[in-house]
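Student: 3D, please:
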Amino acid sequence: MNCKDAEKKIPYFLQDELDGRELEEFIGHVEGCPECREELSIQFLVAEGMERLERGSNFNLQEELLTKLEDAHHRIRLRHTLWYILIGLEAAVALAVIVALYIVFRL
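Tutor: From the prediction side, this is the model:
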């Protein structure tokens, strides 16, 4: 993902609208690109800050952004775990079919 693509996806990230692969690519880019990380911070601070000011709420937006990024990492890890479980289940089914065929044709 390049910077232009990442910047376009910032609003979608802030609204939790990126799917698994897009989220993974976005997070990977933002963590390795200081300019995009800064743009993410700015857009988050503006969007959330304005909303909070209108409501008169207290807030620590920098900490909230870090929490949002940590949540994204958690979702990515969960997606990877589920993918590995799926692969394991598919392998188990394939092995069961092979064993069943062996038993049927051996008899």
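Student: any chance you could map the helices in this protein?
Tutor: 3-14, 20-32, 34-55, 61-106 (DSSP state H).
Student: what packs against the last one?
Tutor: Under the contact definition 3 or more CB pairs under 8 Å, 6 or more residues apart in numbering; DSSP states H and E, helix 61-106 sits against helix 20-32, helix 34-55. (Glycine included, C-beta is placed from N, CA and C.)
Student: okay, the helices of the chain in TSV with mean pLDDT and mean neighbour count next?
Tutor: Output for the helices of the chain, formatted as TSV (pLDDT from 0 to 100; neighbours: other CB atoms under 10 Å):
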stretch	mean pLDDT	mean neighbour count
helix 3-14	94	16
helix 20-32	93	16
helix 34-55	85	14
helix 61-106	92	11
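Student: rewinding a little: so which of the helices and strands packed on helix 61-106 gets nearest residue 5?
Tutor: Across the helices and strands packed on helix 61-106, residue 5 has its closest neighbour in helix 20-32 (7.9 Å, CB to CB).
Student: Show me the contact partners of that closest one.
Tutor: Applying CB atoms under 8 Å, 6 or more residues apart in numbering, the contact partners of helix 20-32 are 1-3, 5-6, 9, 12-13, 18, 36-37, 40, 69, 72-73, 75-76, 79.
Student: Adding distance to residue 105, write the helices and strands packed on helix 61-106 out as JSON lines.
Tutor: As requested, these are arranged in JSON lines below (distance: least, CB to CB, whole Å):
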{"stretch": "helix 20-32", "distance to residue 105": "41"}
{"stretch": "helix 34-55", "distance to residue 105": "58"}
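Student: Between the ones you listed, which one is closest to residue 103.
Tutor: Comparison of the helices and strands packed on helix 61-106 against residue 103 by CB to CB identifies helix 20-32 as nearest, at 38.8 Å.
Student: Could you check how far the closest one is from the centre of its chain?
Tutor: In terms of CA atoms, centre = their mean, to the nearest Å, the centre of helix 20-32 is found 7 Å from the chain centre.
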